[in-house]
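Engineer: one predicted model, sequence on top.
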Amino acid sequence: MSRETARPRTPQRQPRPRADAQGAPTDQRRRASAGRILAVGLVCFLVWLLFDANQLYRSAEAGQIGVRRSVAMSILRPIAAIADALRLSRPVIAADSGLGRCGGVGGSICSTGVTIPLVTVPPPQPPPQPPPQGYLGRFAAPHLGRGTHYIYIPPPPPPRHPQQPPLASPTAAHPLTLLSIGDSIGEDLGMGLGDVFSSDAAVHVIQKGVESTGLSRSDYYNWPAALQSDLTHYHPRIVVVMLGANDAQAFYENGSFLSFGTRAWWHAYTARVALVMNEATAGGARVMWVGLPPMGPGSTVPGGFPHHVNKVFAEQAASHPGVTYFSAASVLSSKSGGFTQYLMIHGSLAQVRYPDGVHLAPAGYDLLAQSLVQPMEHAWHVNLRVG
């Protein structure tokens, strides 16, 4: 046996298993650290969301109309209400005010909360008139004797509105064009007007309503510009307007962000209503402005808004010759004046509103359209030839 054969062999050491013995505790520590980081990040996000909920809500409110805006507002509205109730928004508003960012994105008007009470626009006050008596002076009328004498000066006559040409009754040879505009409820009314005048060859109904539109967001759809185009193209003698259900939202006016419900908002909105009335009447048309009907419990229209905006419509119609206001609530409401889905029509129960609490069912828009005929004939002394 050689030396190499006789030399005892040194046993080889087996490597210690590291993955199972030491790796598991390391992975657990890593997972625990990641979980804590995620939890801290989530808490920070929730705190930031509560403190900045009002600003986020106003930014969403001023966003492009669509599904994303609707979802964002529905999520942020309750969070902003909670933050406002806890007064968590005040530090952020104070900080934004100090940095010159009051009122949200590009805005200039501050608000301490989301729910802003509706206010009515006071009617414009006439300029102060001089007293109806004029001072003659101490020695201007010596024949009247000594003392201070006055004479009566009658007040100036009230301004006269320009007379519009008479609205001739239409005939088959000389038909009348009726233009119907508005939002999705205005579309409903347009279909009703089409049904009512479908057998009348003397009246042509042009249906130009556009859903999801209004007077607030001219960046989404500019109704004054669209109306000018329609007036030039169709030359209507009657314009029927029904809109407003989408207008309870903030908008920009001359570069300033106007929060919904503020006095500045109502003044700007009233001016837009007046602009549409002026455009239509200047184009030679008569205007039938139809107010909003009562809204149902499932409606997205804020409670109380139809009442306030209808008051603006009625007041502006009264101050614009050739414009007549019609209350949809006088036709499409319950006996108590509230929302109703069903009404008795000619002795039968008919569905007049859809369950969404906003839109008009076929029986409802036909009923409303039929109800407009007599007020239009009475206001403008015209025979629309509808039996």
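Structural biologist: Noted; the coordinates are in hand. Residues are numbered from 1 along each chain as shown.

Engineer: how does the protein divide into domains?
Structural biologist: Using automatic domain parsing, the domain parsing of the chain gives 26-98, 176-380.

Engineer: quick one: which of those is nearest Ser169?
Structural biologist: domain 176-380 (8.1 Å; C-beta to C-beta). No exception for glycine: its C-beta is placed from N, CA and C like everyone else's.

Engineer: residues in contact with the nearest residue to Leu292 once chain neighbours are set aside?
Structural biologist: Residue nearest to Leu292 in three dimensions, not counting chain neighbours: Pro306, with 4.0 Å by C-beta to C-beta, 6 or more residues apart in numbering. Neighbour list for Pro306: Gly244, Gly291, Leu292, Pro293, Pro294, Met295, Ala329 [criterion: C-beta atoms under 8 Å, 6 or more residues apart in numbering].

Engineer: tell me what the longest strand belonging to the chain is packed against?
Structural biologist: The longest strand of the chain (DSSP state E) is strand 176-182. Packing partners of strand 176-182 (3 or more C-beta pairs under 8 Å, 6 or more residues apart in numbering; DSSP states H and E): helix 184-196, strand 203-207, helix 223-234, strand 238-242.

Engineer: so which residues of this structure form helices?
Structural biologist: 3-6, 24-51, 53-61, 67-85, 89-98, 184-196, 223-234, 263-282, 305-318, 362-380 (DSSP state H).

Engineer: can you pull the contacts of Met288?
Structural biologist: So Met288 contacts Ile238, Val239, Val240, Val241, Thr324, Phe326, Leu372, Pro375, Met376, Ala379 (C-beta under 8 Å, 6+ apart).

Engineer: what about Tyr269, distance to Ala250?
Structural biologist: 11 Å (C-beta to C-beta, to the nearest Å).

Engineer: which neighbours do these two share?
Structural biologist: Ser216.

Engineer: do I have it right that Leu227 meets Met277?
Structural biologist: No: applying C-beta atoms under 8 Å as the test, Leu227 and Met277 come out as separate, 10.2 Å apart.

Engineer: what is the mean pLDDT for the longest strand of the chain?
Structural biologist: Strand 176-182 shows a mean pLDDT of 98.

Engineer: before we move on, the earlier item: what's the closest of the contacts of Pro306 to Val358?
Structural biologist: Closest to Val358, out of all of the contacts of Pro306 and judged by C-beta to C-beta, is Met295, at 6.2 Å.

Engineer: point out where the stretch 151-300 of the chain drops to low pLDDT.
Structural biologist: By pLDDT under 70, the weakly predicted segments of the stretch 151-300 of the chain are 151-165.

Engineer: switch to 80 and redo it
Structural biologist: Scanning the stretch 151-300 of the chain with the threshold set as pLDDT under 80 gives 151-166.

Engineer: which residue is the nearest non-sequential neighbour of Phe260?
Structural biologist: Phe260 sits nearest to Ala250 (C-beta to C-beta, 6+ apart), 4.9 Å away.

Engineer: tally of neighbours for the one you found?
Structural biologist: By other C-beta atoms under 10 Å, 25 other residues sit near Ala250.

Engineer: wait, it touches Ala268, no?
Structural biologist: No: applying C-beta under 8 Å as the test, Ala250 and Ala268 come out as separate, 10.6 Å apart.

Engineer: okay, and the common contacts of the two?
Structural biologist: Leu258.

Engineer: next, count neighbours for Gly255.
Structural biologist: The local packing of Gly255 (other C-beta under 10 Å) involves 8 other residues.

Engineer: what of Gln370?
Structural biologist: Using other C-beta under 10 Å, Gln370 is surrounded by 16 other residues.

Engineer: residue contacts, it?
Structural biologist: By C-beta under 8 Å, 6+ apart, the neighbours of Gln370 are Gly192, Val196, Val386.

Engineer: ok, and the most crowded of the residues you listed?
Structural biologist: Gly192 (26 neighbours).

Engineer: measure that residue to Gly303 for me?
Structural biologist: Relative to Gly303, Gly192 is positioned 26 Å away (C-beta to C-beta).

Engineer: and the domains of the chain, which is most packed in?
Structural biologist: domain 176-380 (a mean of 19; mean count of other C-beta atoms under 10 Å).

Engineer: end to end, how far does that domain reach?
Structural biologist: Domain 176-380 has an end-to-end distance of 13 Å (criterion: C-alpha to C-alpha, to the nearest Å).

Engineer: and stretch 250-267, by the same measure?
Structural biologist: Its start and end residues considered, stretch 250-267 measures 13 Å (C-alpha to C-alpha).

Engineer: the domains of the chain: which one's closest to Pro170?
Structural biologist: It's domain 176-380; of these, that one is closest to Pro170 (C-beta to C-beta) at 3.5 Å.
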